[in-house]
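# please work out how this folds:
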Amino acid sequence: MLRPVVREEEPRFKALLEAHHYLGAVAKIGHTIWYVATWREQWLALLVVGAAAWKCAARDRWIGWDRRYQYDRLHLIGNNVRFLILPEAHVPNLASRVL
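Numbering: from 1, shown residues only. Next up, the predicted model:
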């Protein structure tokens, strides 16, 4: 199950990112959501999704947006800020299932 992290779990979430992600923990700034993937109450993976960048030429070309639509639709895109499969998680295809 993938669910948002509740306030009481935030210290644990940050500590796990700091300990196991090569970029470390990330502050909750702006439009950011922290998710945890669980199975039978065991934490398996962590995911941080943030607001999309205002401008990304490659993304905008690929989507086919022109400037007229870009800012009206930008809220429909999320940016993968952090993704971590925890070391003790041994579940086949876990990353694909979480994403």
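# which residues does the worst-scoring helix or strand of the chain on mean pLDDT contact?
For the chain, scoring each helix and strand by mean pLDDT, DSSP states H and E identifies helix 67-73 as the least confident one, at a mean of 81. Outside of helix 67-73, the residues that reach it under the criterion C-beta atoms under 8 Å, 6 or more residues apart in numbering are 60, 65. From N, CA and C alone the C-beta is placed, and that goes for glycine too.
# just stretch 4-16 next, same as before
Around stretch 4-16, the neighbours that count as contacts under C-beta under 8 Å, 6+ apart are 25, 28, 33, 34, 35, 36, 43, 46, 84, 86.
# tell me the residue furthest from the middle of the chain?
No residue in the chain has its C-alpha farther from the mean C-alpha position than residue 68, which lies at 27.9 Å (C-alpha atoms, centre = their mean).
# before we move on, the earlier item: nearest to residue 75, of the contacts of stretch 4-16?
Each of these was checked against residue 75 using C-beta to C-beta; the closest is residue 33, at 13.1 Å.
# the closest one: helix or strand, and which one exactly?
With elements delineated by DSSP states H and E, residue 33 resides in strand 32-39, which encompasses its position.
# pull up the pairing partners for that strand, direction included.
Using DSSP bridges, the strands paired with strand 32-39 in its sheet are strand 2-4 (antiparallel), strand 42-51 (antiparallel).
# quick one on the thing from earlier: where is pLDDT lowest across the contacts of stretch 4-16?
By pLDDT, residue 28 ranks lowest within these, coming in at 80.
# wait, that residue touches residue 17, no?
No - between residue 28 and residue 17 no contact is recorded; they are 11.5 Å apart, counting by C-beta atoms under 8 Å.
# so how far is the next helix or strand after the least confident helix or strand of the chain from its chain's centroid?
Downstream of helix 67-73, the first helix or strand assigned by DSSP H and E is strand 78-85. Here strand 78-85 is found 3 Å from its chain centre; the criterion is C-alpha atoms, centre = their mean, to the nearest Å.
# quick check: the closest residue to residue 33 other than its chain neighbours vs residue 68, distance?
Setting aside the residues directly before and after it, residue 33 is nearest to residue 49 in space (C-beta to C-beta, 6 or more residues apart in numbering), at 5.1 Å. Noted for residue 49: a distance of 26 Å to residue 68, by C-beta to C-beta, to the nearest Å.
# perfect, I'm done here.
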